[in-house]
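Peer 1: below: sequence and its predicted model.
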Amino acid sequence: MNWKRNSPRWRSSHLGGGICCLPTDSLMAWNVSILDKQAILIFQAESLVQECTPHVICYGDSIMIREIHIFKEDQTVFQDVIVPNRDLDTDAVMMLVASSAKKLQEWKIDSMEIERFRYVYMNSHDTQFIITMDRQASLQKVNEAMMDMVSKFMTAFESVLESDEWKSTDFSPFGAGFRNVVSKIPVKVCLGGHGGTGKTTLLELATLPSRGPPQEYVPTFFGDKALLKADFDPYVFSMFDLGGQDRFVQEWGKIIRAGSMVVVVTDSTKENLSWTMRVAYPVLKAELPYARAIAVANKQDLPGALSPEEVGKRLGIAAYGMQANRADFRERWLKLLRGLAFEEIDFTIVGEITEVE
């Protein structure tokens with residue numbers, strides 16, 4: 001069976017994991033310190049966004065669900081594809097995963113990893129449920145998301161599945177329930193780069209546009225977080241601004257785990273690109289090898305700024321010009337984020353980056 005185009009390696013794994021949840025009221029009231037494996041993470045309350053809910057204020061909770069496929073007797077009864085998989089032969093992969101799902105006990109959940117994707121599956125009422133997500137998705141939320149989706153489906157269609165009526169039933173109304181579950185779990189976006197390159201300005205340009213650009217540079221202590229709702233339905237982005245001081249970079253792993261997208265922010269200078277390749281890349285490659293990445297060639301208005309093309313060539317990833325201190329660049333910034341999420345622009349998988357000195 002030719003279920004893979006580039007001979008990806010795969011393995012089956014059971015699901016589990018832990019999480020530290022932050023109470024919303026505490027976050028919005030004052031700065032909160034969390035002791036996590038000898039690292040102190042400070043979330044500054046003023047940078048936490050609008051429309052925070054208990055569903056999404058959870059450190060480490062991140063899943064980017066891309067597709068759902070539901071099969072019964074080898075027939076597709078429902079599917080919804082949010083972000084198409086252009087790397088693999090989806091039909092062949094679904095046949096492989098569905099065959100594994102059929103062997104599971106009722107309501108048991110398992111998963112399979114192929115290339116940069118994780119396929120989570122369950123068998124219930126002789127019906128196979130398969131969710132496709134990014135490989136580095138938070139395992140803690142996987143069980144919950146799957147159970148939520150299957151419960152919604154069974155509430156509406158359990159009696160239908162127990163008879164031959166399912167063969168003529170329209171299951172499309174389940175689409176709204178599926179996307180509702182997807183919208184409750186934030187997609188993690190990590191803004192990485194040296195201090196002073198404009199990460200915080202980009203974070204605020206997206207999430208707090210009315211504030212305007214900062215008047216002075218204030219280093220981010222370890223990390224900042226904000227939620228972003230825009231033209232990304234059904235996704236909500238959980239954006240993390242990573243402290244760029246050298247002493248914080250080695251602790252990025254405490255924050256970026258389960259990240260789906262990485263934006264490497266540069267100030268478009270040779271010195272900064274050298275630092276990025278020497279200091280930031282090793283951490284990003286070790287922690288998020290399956291995440292997709294782009295670079296922002298910020299501060300294009302400054303004399304001597306390297307062009308986005310030159311920045312991209314040196315860093316080994318697609319780079320896009322930006323002036324984060326200008327409000328009129330917000331639309332461009334949001335389009336880049338959407339393009340990266342829906343894979344509508346050029347990007348590179350972090351673990352496959354080959355930089356040029």
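Peer 2: In hand now; what should we look at? On a predicted model such as this, the values are computed, not experimentally measured, just so you know.

Peer 1: what residues are up against the spatially most central residue of the chain?
Peer 2: The centroid of the chain falls nearest to residue 260 when counting by Cα atoms, centre = their mean (2.8 Å). Residue 260 makes contact with 62, 64, 134, 136-137, 187-189, 291-292, 341 under the criterion Cβ atoms under 8 Å, 6 or more residues apart in numbering. For glycine as for every other residue, the C-beta is placed from the backbone atoms N, C-alpha and C.

Peer 1: roughly how far apart are it and residue 142?
Peer 2: Distance check for residue 260 against residue 142: by Cβ to Cβ, to the nearest Å, it reads 14 Å.

Peer 1: do me a favour and average the pLDDT over stretch 126-133.
Peer 2: Regarding stretch 126-133, the rounded mean pLDDT is 97.

Peer 1: that stretch: which residues count as buried?
Peer 2: In terms of neighbour count (16 or more other Cβ atoms under 10 Å), stretch 126-133 has its buried residues at 127-133.

Peer 1: can you put these in TSV and add secondary structure and distance to residue 160?
Peer 2: Output for the buried residues of stretch 126-133, formatted as TSV (DSSP: H, G, I helix; E, B strand; the rest coil; distance: Cβ to Cβ, whole Å):
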residue	secondary structure	distance to residue 160
127	strand	10
128	strand	16
129	strand	15
130	strand	19
131	strand	21
132	strand	24
133	strand	27
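
Peer 1: closest one to residue 161 out of these, please.
Peer 2: When the buried residues of stretch 126-133 are compared for distance to residue 161 (Cβ to Cβ), residue 127 comes out closest, at 5.8 Å.

Peer 1: I'd say that closest one and residue 158 touch.
Peer 2: No - at 9.8 Å, residue 127 does not count as touching residue 158 under the criterion of Cβ atoms under 8 Å.

Peer 1: related to what we said a few turns ago, now the residue nearest to the centre of the chain, nearest residue through space, not along the chain?
Peer 2: residue 64 (4.2 Å; Cβ to Cβ, 6 or more residues apart in numbering).

Peer 1: so what's the one you found scoring on pLDDT?
Peer 2: Model confidence at residue 64, given as pLDDT, is 94.

Peer 1: break down this protein into its helices, ranges please.
Peer 2: Assigned helices in the chain, in chain order: 24-29, 90-102, 139-161, 174-183, 199-207, 246-249, 253-256, 270-275, 281-287, 308-315, 330-341 (criterion: DSSP state H).

Peer 1: can you say which of those helices is packed in most?
Peer 2: For these, the stretch with the most neighbours on average is helix 199-207, a mean of 24; neighbours defined as mean count of other Cβ atoms under 10 Å.
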